[in-house]
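*Asks:* task: produce atomic coordinates for the following.
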Amino acid sequence: MPVAVFIIIAASGFYYAKASYTPEQSFPDIGGDVYFLNPGGSANHLAGSMSINETDAGSAGFFQRARLKINKNIRDNFSEESAAFLMSIITGERILTPKETRDAFNSTGLAHILSISGAHFGLLLFILFRIFRFSVKKLPYNLFVRLSLHLTPSQIAAILCVPFMIGYLGISGMSVPAIRAFIMINLFLFGLMIQRKGFWLNTLLFAAVIIILIQPNSILDLSFQLSFIAVLGIGIVSEYKRDGVVERWSNDNKKSLFHRFISSLLHYSIAPLKISLAATIATAPLVAYYFHYFSVISPLTNLIFTPVIGFIILPAALVLSFVSLVFNVFPLHSLIDAITSLVIALIKMTAQLNFIDIKIPAFPSILLITFYLGVMVYIVVGNRREAMGDSKNSSGNPIAYGLWPIALPIMIAFIPIIIYSCIKILEYEGMRITYIDVGQGDSAVIELPDKKTLVLDTGRKGFQTAGYLRYKGIKTIDAVILSHGQSDHAGGMRYLLKNFKVHEIWDNGRLVYPEDFLANMHENITHRKLQRGDIVEGKGYRITVLHPYDGSYTLYSDDNDENNDSIVLKIQSKNNSFLFTGDIEEEAEDDIAHLEEYLKSGVLKIAHHGSKTSTSQAFLSAVSPEVAVISVGRKNTYGHPHDETIEALDGVGIFMTDKDGAIGIKELRDGGLEIKTWREFQLSEAKNTKDELLNLKKLFLIW
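*Replies:* The predicted model follows:
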């Protein structure tokens, strides 16, 4: 049973607690959860039953007690926003980081900074290694000579760095990304100790093997993939020989002191930019595949902000945090607070710029695999030629090794994929409805034949719905329809407004919006009240509103009032019809049951997550659906869907988001419907060759 450690924050300070959970089998939402775009993020659900046992800091280990005290010292000495940021990069506590800050770091390509990973260990190692090696060289001559008989300054510095790496791992909370970084850093230090140059690729691969042996599912973890690919890109760039204009200019001793100063400045500016570009470009296909965007400004922001954070804020705050452990005083906290606040403010300002990222629609995973396979072939074959003494090219650039005979087939492999993608784009565009897996809530994305996009309910947070829209490359929502105001249907509205251009909001006219929400609505968004009899028509479709209507009322409690006020609408094309029912109860069903011809629909979204208070037999008879979709959370506490509802649907094809994930229904040219579930797109355990071929086929699929 997995166990997690939490720090519960109260007004009186920190409480240390352990929580255990029993995970359930789950299928990813389409678009996934909202990933923290950094090595600390995860694409997996944490779902199941959980129990939390409170304990005290005294029962924790040495490192955990140190973490608690450092967190307290940071909170006591820094502003709220700076404290949250410093805790995230020093002790790995991200719970207090405001969502606004996380979004700003994500948009600017700096999200990796908020999660302790290889970058943090690498920057800290760089500083410590330089300090120790410099200090060793400044030792008294006799002592230095004695040490040099056995070890070089670099070897001594590497040995001295190890305990500091262990200490940082301990106070960082020992998260999986931190442990991975620790393994790779120490393998790198081992390479220095045995004086092996060019050891980085072996170190990277060896670390990957160790991590996968210890935790086999790491290979499917997004944070592992990002870390591995980023280091791979940095390693390739680092091996390029410096034969550029800047290097030749700096090596010209005849130049003046000013010229040499400028060349040195250029050299030390270009080096981090090259590293930043390498990591950004290397991970760009992976980021595009998972998150459907590419940060154009990332190289620049990493060049400006990463050195400030990595070489000033992180080491200073870390060292002074250790000082505060001993003396209960945090020196220079005002200065560090001011620098940190300024950096965060500048990052937020940068995130507000337009066109800082490019939206990218979904593409088949085989394209991603082929790209990285090509990169690996370049590296392996290039290294082999170099090892065999190929002196035709000495630039250190793999492309210069004459690998076009190998690269050409790989690039040709892209052609059928591109053709396939073009066919998918040009194929018949009928109506497409996707019922998003938002847990215990409702959300559907409706893609109409005239290329308009409607979102019917947003779920509780809006994250999963936004993930699907990004997956499809959709930037504009023509209308968001809120069936009623409960949070599991309308809670994600604010998130969608913030992240997408929304033209209109349709509701039942009975929702109460916050003032700031209304101000935005009146200025930029058309607000439309829907009631029975309203019809919206477009090319190849008609939307008819069946409920509520002026004068409709209910005899039930307030909660049921709101449920029974839900918008009920029918979407029709020439051959198919879809009925959406919100959370209406049996009373509202009875109120519209007489609208028989209007109710008849091939696909019915079951009301109120399959509750027994909805979906009466009379209502089902009026609708006569062939397919029923139930949006419901896994192992929810309400017992949805109820057995009575499932029994009432006997003879109807049932799809449920808790078991199937997202459910997509597409209208075909012949008028038929194609129904697919997100579960069908997931790779399954292969027991024979047929299963392997089916998995291979899935690599070419996009939703």
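*Asks:* ok, then the element right after whichever strand or helix holds Ser334?
*Replies:* Under the criterion of DSSP states H and E, Ser334 resides in helix 333-351. Going down the chain from helix 333-351, the next helix or strand is strand 357-359, by DSSP H and E.
*Asks:* who does that following strand pair up with?
*Replies:* Sheet pairing for strand 357-359, assigned by DSSP bridges, gives strand 293-295 (antiparallel).
*Asks:* tell me which element Leu579 falls in.
*Replies:* Using DSSP H and E, Leu579 falls in strand 577-580.
*Asks:* sheet-wise, list the partners of the helix or strand harbouring Gly664 with their directions.
*Replies:* Remark: Gly664 resides in strand 663-667, with elements defined by DSSP H and E. Using DSSP bridges, the strands paired with strand 663-667 are strand 432-435 (antiparallel), strand 673-677 (antiparallel).
*Asks:* tell me which of those approaches His608 most closely.
*Replies:* strand 432-435 (14.8 Å; CB to CB). Every C-beta, even on glycine, is put in place using the N, C-alpha and C of the backbone.
*Asks:* circling back: got the contact list for the helix holding Ser334?
*Replies:* Around helix 333-351, the neighbours that count as contacts under CB atoms under 8 Å, 6 or more residues apart in numbering are 77-79, 81-82, 85-86, 100-101, 103-105, 107-108, 110, 297, 301, 305, 308-309, 312-313, 316-317, 320, 356.
*Asks:* burial of the residue lying closest to Arg133 once chain neighbours are set aside, as a residue count?
*Replies:* Computed as CB to CB, 6 or more residues apart in numbering, the closest residue to Arg133 that is not its neighbour in sequence is Ala157, at 4.0 Å. Counted with other CB atoms under 10 Å, residues neighbouring Ala157 total 24.
*Asks:* quick check, Ala157 in contact with Phe132.
*Replies:* Yes - Ala157 is within contact range of Phe132, at 3.8 Å (criterion: CB atoms under 8 Å).
*Asks:* just for the stretch 601-703 of the chain, where's the confidence low?
*Replies:* For the stretch 601-703 of the chain, applying pLDDT under 70 flags the ranges 700.
*Asks:* which parts of it are strands?
*Replies:* 603-605, 627-630, 653-656, 663-667, 673-677 (DSSP state E, counting those that start in this stretch).
*Asks:* which other residues reach the fourth one?
*Replies:* In this case it means strand 663-667. Residues from elsewhere that reach strand 663-667 (CB under 8 Å, 6+ apart): 30, 430-435, 573, 575-576, 578, 603, 627, 629, 655, 657, 673-678, 703.
*Asks:* chain center to that strand, what's the gap?
*Replies:* Centre-to-centre, strand 663-667 and its host chain are 25 Å apart (CA atoms, centre = their mean, to the nearest Å).
*Asks:* out of the contacts of strand 663-667, which are buried?
*Replies:* For the contacts of strand 663-667, a burial check counting by 16 or more other CB atoms under 10 Å picks out 30, 430-435, 573, 576, 578, 603, 627, 629, 655, 657, 673, 676-678.
*Asks:* quote the end-to-end distance of stretch 663-682.
*Replies:* Using CA to CA, to the nearest Å, the end-to-end distance of stretch 663-682 comes to 13 Å.
*Asks:* buried set for it?
*Replies:* Per 16+ other CB under 10 Å, stretch 663-682 contains these buried residues: 663-667, 673, 676-678, 681.
*Asks:* specify which member of those residues is nearest to Glu537.
*Replies:* The nearest member of these to Glu537, counting by CB to CB, is Glu667 at 16.7 Å.
*Asks:* so how far is Asp478 from the nearest residue to that closest one once chain neighbours are set aside?
*Replies:* Excluding the flanking residues, the one nearest Glu667 by CB to CB, 6+ apart is Gly430, at 3.1 Å. Plainly put, Gly430 is 17 Å away from Asp478 if you go by CB to CB, to the nearest Å.
*Asks:* same question, Ile584
*Replies:* In terms of CB to CB, Ile584 sits 25 Å off from Asp478.
*Asks:* between the two, which one's more packed in?
*Replies:* Applying other CB under 10 Å to Ile584 and Asp478 shows that Ile584 carries more neighbours, namely 29 against 18.
*Asks:* now the more buried one: how far from Thr637?
*Replies:* Separation of Ile584 from Thr637 (CB to CB): 22 Å.
*Asks:* could you do Glu504 as well?
*Replies:* Between Glu504 and Thr637 the distance is 35 Å, computed by CB to CB.
*Asks:* of those two, who's got more company?
*Replies:* A side-by-side neighbour count of Glu504 and Thr637, using other CB under 10 Å, places Glu504 first with 15 against 7.
*Asks:* for the more buried one, helix, strand, or coil?
*Replies:* Three-state call for Glu504 (DSSP: H, G, I helix; E, B strand; the rest coil): strand.
*Asks:* before we move on, what about Val438?
*Replies:* Going by three-state DSSP: Val438 is coil.
*Asks:* the residue lying closest to it once chain neighbours are set aside: what's it in contact with?
*Replies:* Nearest in space to Val438, with sequence neighbours left out and distances taken as CB to CB, 6+ apart, is Gly459 at 3.1 Å. Applying CB under 8 Å, 6+ apart, we find Gly459 in contact with 436, 438-439, 441-443, 465, 488-489, 491-492.
*Asks:* fine, thanks again, bye for now.
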